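Okay, sequence plus prediction incoming.
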Amino acid sequence: MSPARYSPLYHWFAETLRQQIAQGRYQPGDALPTEHELMQRYALSCTTVRRAVHDLAREGLIYRKAGKGTFVKRAKLEEHLLRLTSFAEEMQSRNITPQFKLITAAMRPAPPDIARALKLDSTEKIFYIERVQIADREPIAVAQGYWLAEIGERLATFDLHRIPLYEIVENEFHIALNEAEESIAAQIANADLARKLKIAPRAPLLVRRRLTFNGSLRAIEFTTTFYRADRYEYKVRLARHGG
């Protein structure tokens, strides 16, 4: 039920749409009626409708696609920085079935920075695995991972379109994943990442770099994951204890 009208009208209309989105009348991904349809339905001026829609877009509840209309934004997926988990485990904890699109799985020379991180000689090769990570049939991230050669070659014998890598490493290879070092930064999408994530070039990304260690604290994997900033965020809870 819409709230009783009050002034200014654009505040009232913004709250009306806000409630309809919260109540599920418009679901994430749904298109809102056109400005003309909203003007007729609610007997409002073009200026009032545009101001209300602008306010909701600024809040992040809706977004515009040029030539296509205005859509309800999907809620961001949160990852809590409490323990070492995979993308698949994070999605499964939200009752979302993770999917993957394998881009590359091949042996490559180790780039200098990766060789240093994994403590390899500059002449050693490493196994590269790149996959698009998908949730609710929508690409969320691109993961570009470098694995020790002996592990990567074994990973490549599995269906990497379907099975999470950590699941294979722990359950099939019986390699403990003990801990990881991570850094998080911001970046804009180049043309290649934009195409794989189905976003506009130069759209904002969250970039996570993870160095993973086995039970003997031997570094076995270095992965850079590029997340869509409009669909993913990190959350951490901090405590301060007085002395």
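On my side now, so go ahead.

C-alpha from now on. contacts and neighbour counts both.
Fine.

which residues touch the residue lying closest to residue 118 once chain neighbours are set aside?
For residue 118, ignoring the flanking residues on the chain, the nearest one in space by CA to CA, 6 or more residues apart in numbering is residue 219 at 5.4 Å. With contact set as CA atoms under 8 Å, 6 or more residues apart in numbering, residue 219 has these partners: 117-119, 211-213.

taking these one by one, which sit in helices?
By the criterion of DSSP state H, membership of these in helices covers residue 117.

hmm, which of the contacts of residue 219 are the buried ones?
In the contacts of residue 219, burial by neighbour count holds for 118, 211-213, counting by 16 or more other CA atoms under 10 Å.

one step back: turn the contacts of residue 219 into a markdown table, including distance to residue 43 and pLDDT.
Formatted as a markdown table, those follow (distance: CA to CA, whole Å; pLDDT from 0 to 100):
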| residue | distance to residue 43 | pLDDT |
| --- | --- | --- |
| 117 | 63 | 93 |
| 118 | 65 | 95 |
| 119 | 68 | 93 |
| 211 | 58 | 94 |
| 212 | 59 | 94 |
| 213 | 62 | 94 |
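
Quick check: nearest residue in space to residue 189, chain neighbours excluded?
Across the structure, with CA to CA, 6+ apart as the measure, the residue nearest residue 189 apart from its sequence neighbours is residue 202 (4.6 Å).

give me phi/psi at the one you found?
According to degrees, to the nearest 10, the main-chain angles of residue 202 amount to phi 70, psi 10.

Perfect, that will be all.
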